[in-house]
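# I'd like to go over a predicted model; first the sequence, then the structure.
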Amino acid sequence: VFAANWGLEEVINIQPDQSAKAARVNASPISKTKLFVCNMLASYTCHIVSVILLFIYMKFVLYVKFGNELVYLLAVCLLGSLTGLLFGAVIGFWIKKKAEIKEAVLIAVVLVFSFLSGMMSVEMKYYVTEKFPLLACINPVYLITDAMYSLYYFDSHSRYYINLLLLIVMAAVFMAASYFGIRRKNYDSI
């Protein structure tokens, strides 16, 4: 959720019809695509640092046992953060409403994704898996949680790798959608 919020915020910060800061930034001679990429890389770096700090806190202060799969778990977090960041950017570029509406849509979509992935009710995860497997494949929250579950419940990593592959494909689709979203925006005068 936080990565998606950061992605949306970066889009709002380069769209001059969304904020006064973005209007000032839009007057600069730098390409909006370059600015967006730099801002997204900075957001991704900050988000990853916060995830690593959270892991350190959980492992050494709260003494949460992550087992022997810590590297795999961090890989899911890295890829999940990237996918979330890009998902927030897609919402920002493709919904043509005020910033507050975009934020509300993002929160609603993330909450629905979380519910369908079993974050609020474990039974829902099993129901979606059995009745709507395609919905599970296009839900990034489901893929992240299922990758984490597969590390602890299965001896083989095949299911884990399938989830990671689907997240990579999803991140690539979101990246392409963001690119086309930023390319289609023109502001002659504000």
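Ah, there it is. Numbering: from 1, shown residues only.

# Every contact and neighbour count from this point should use C-alpha atoms.
Will do.

# who's in contact with residue 42?
Residue 42 is in contact with no residue at all, counting by Cα atoms under 8 Å, 6 or more residues apart in numbering.

# any idea how far residue 61 is from it?
28 Å (Cα to Cα, to the nearest Å).

# where does this protein dip in pLDDT?
Flagging of the chain using pLDDT under 70 yields the residue ranges 185-190.

# Spell out, range by range, the strands that occur in the chain.
Assigned strands in the chain: none (criterion: DSSP state E).

# center of the chain - which residue?
The centre of the chain sits closest to residue 84, judged by Cα atoms, centre = their mean, with a distance of 0.1 Å.

# doesn't residue 43 make contact with that one?
No. Judged on Cα atoms under 8 Å, residue 84 makes no contact with residue 43 at a distance of 11.3 Å.

# Now list whatever residues contact both of those two.
The contact sets of residue 84 and residue 43 overlap at residue 7 (Cα under 8 Å, 6+ apart).

# For stretch 80-91, which residues meet the burial criterion?
Neighbour-count burial for stretch 80-91, counted by 16 or more other Cα atoms under 10 Å, picks out 80, 81, 82, 83, 84, 85, 86, 87, 88, 89, 90, 91.
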